[in-house]
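Q: Return a 3D structure for these sequence lines:
(one chain, ligands or ions: 2)
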Amino acid sequence: MLVLSSPSGAGKTTLSRKLLATDERITMSVSVTTRPPRPGEVEGKDYYFVDVPTFQRMREEGELLEHAVVFDNLYGTPRAAVEAALSAGRDVLFDIDWQGTQQLGESAQQDLVKVFLLPPSAADLEQRLRTRAQDSEEVVHQRMAKASDEISHYTEYDYILINHEVEDSLAKLTAILQAERLKRRRLTGLSSFVKSLRDAL
Ligand SMILES: Nc1ncnc2c1ncn2[C@@H]1O[C@H](COP(=O)(O)OP(=O)(O)OP(=O)(O)O)[C@@H](O)[C@H]1O
Ligand SMILES: Nc1nc2c(ncn2[C@@H]2O[C@H](COP(=O)(O)O)[C@@H](O)[C@H]2O)c(=O)[nH]1
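A: Ligands and ions are numbered 1, 2, ... in the order given. The predicted model follows:
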């Protein structure tokens, strides 16, 4: 499970799309949210957009792996899709905040790789939120006001990427993923391979 967190607008969605387009072994976890869709957002691809009662029912029935209130809206990770992908041997990418990351860590610390994206500067962050041009002035203000609090959680993450250029960040994120996949404990079938290798020597 590869988690990307950042202050809003630092570039998680952009980087996630790039990674998904270049890595066949990873699946995006599509969150459920009570936030209204932005122009161009697609149901089931960007989010599952639901009303508050539906979200509460999902939470009460244990259908969410983690959930949090972010910017006054409810967000959560549907459990079934993640478990199905992991059971099929796939990696799963999450674009979630620090609260959700902490919750995933409580149940699956060993299976979690946590990456935090930082913007190069406050001015860059504000410009990115504005050039996305999908949120009202009030929402941009609210997200800038929360950015410092979000950033204060960077020490809870394994890797930090300062997101200057998207392609450079993609190369670094890909390197992180490759290295984490090569960790001894993640190499399924390694001990039998080594045994047969040694038996042949
Ligand atoms: N490295 C980058 N350099 C310049 N612009 C970028 C970079 N990464 C993303 N952007 C732009 O910044 C804006 C915000 O990016 P994006 O939507 O990916 O952020 P996000 O972290 O997913 O935000 P949120 O948390 O609100 O979902 C977009 O317009 C995107 O094109
Ligand atoms: N804890 C969770 N946080 C989530 C989830 N899905 C998205 N997010 C985070 O919310 C903010 C805002 O997202 P936006 O799409 O409204 O800009 C951002 O930090 C996301 O990472 C989730 O399922 N759980």
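
Q: residues touching Ile176, list them.
A: 2, 113, 115, 159 (C-beta atoms under 8 Å, 6 or more residues apart in numbering). The C-beta positions use only the backbone N, C-alpha and C, and glycine is treated the same way.

Q: same question, Arg181
A: Per C-beta under 8 Å, 6+ apart, neighbours of Arg181: Asp91.

Q: Over to the one 5 residues further on?
A: The neighbours of Arg186, taking C-beta under 8 Å, 6+ apart as the test, are Glu180.

Q: how much space between the residue of the chain most remote from its centre and ligand 1?
A: Within the chain, the residue lying farthest from the chain centre (C-alpha atoms, centre = their mean) is Leu201, at 44.0 Å. Leu201 sits 49 Å away from ligand 1, going by C-beta to the nearest ligand atom, to the nearest Å.

Q: Let me see the confidence value for that residue.
A: Predicted confidence (pLDDT) for Leu201: 96.

Q: just the residues of the chain that are near ligand 2, which are they?
A: 8, 12, 31, 35, 66, 68, 70, 75-77, 95-97, 99-100 (C-beta under 6 Å from any ligand atom).

Q: Quick one: name the residues of this protein near ligand 1.
A: Counting by C-beta under 6 Å from any ligand atom, the chain sits next to ligand 1 at 6, 8-14, 128, 131-132, 163, 165-166.

Q: With those residues in mind, say which one has the least confidence in the model.
A: Within the residues of the chain next to ligand 1, pLDDT is lowest for Arg132, at 80.

Q: What about it, how many residues nearby?
A: 14 (other C-beta atoms under 10 Å).
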